[in-house]
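Asks: Only the shape, not the letters, is given here:
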């Protein structure tokens with residue numbers, strides 16, 4: 001009986017991250033918070049989440065954004081979220097998807 005050895009997914013930038021990476025993830029999501037939730041901001045900025053590295057094989061960034069949106073809906077930060085902005089990682093000028101909650 002043979003078992004396949006699954007190769008672990010790691011980032012390629014040298015940081016050895018296994019789940020997500022600031023440089024290697026394909027999609028970047030900015031969580032714009034409602035007024036009065038400044039305690040959830042990091043260093044005065046809105047929280048930023050990056051897509052899982054296992055999603056880098058997907059060609060459709062909208063499918064990745066949908067999975068990330070589902071993650072936010074199941075997280076406690078959802079109560080304080082007003083808008084989700086999705087960017088292709090590395091491009092900060094134009095978002096490709098905007099979700100108003």
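Replies: Nice, I can see it. If you're wondering where the values come from, they're calculated on a predicted model, not measured in any experiment.
Asks: Tell me which residue lies nearest the centroid of this structure.
Replies: In the chain, the C-alpha nearest the mean C-alpha coordinate belongs to residue 50, at 2.8 Å (Cα atoms, centre = their mean).
Asks: Now that we're looking at that residue, what pLDDT does it have?
Replies: Residue 50 is assigned 94 on the pLDDT scale.
Asks: Please verify my assumption that it contacts residue 27.
Replies: Yes. At 7.3 Å, residue 50 counts as touching residue 27 under the criterion of Cβ atoms under 8 Å. Just so you know, the C-beta spots here come from the backbone N, C-alpha and C atoms, and that holds for glycine as well.
Asks: any common contacting residues for those two?
Replies: Residues within reach of residue 50 and of residue 27 at once, by Cβ atoms under 8 Å, 6 or more residues apart in numbering, are residue 89.
Asks: Point out where this structure drops to low pLDDT.
Replies: For the chain, applying pLDDT under 70 flags the ranges 1-8.
Asks: Name whatever forms a beta bridge with the residue nearest to the centre of the chain.
Replies: Going by DSSP bridges, residue 50 is paired in beta bridges with residue 28.
Asks: which ones are touching it?
Replies: Contact partners of residue 50, counting by Cβ under 8 Å, 6+ apart, are 20-22, 25, 27-29, 89.
Asks: do you know how far it is from residue 86?
Replies: Distance from residue 50 to residue 86, counting by Cβ to Cβ, to the nearest Å: 11 Å.
Asks: any shared contact partners between those two?
Replies: Jointly contacting residue 50 and residue 86 under the rule Cβ under 8 Å, 6+ apart are 27-29.
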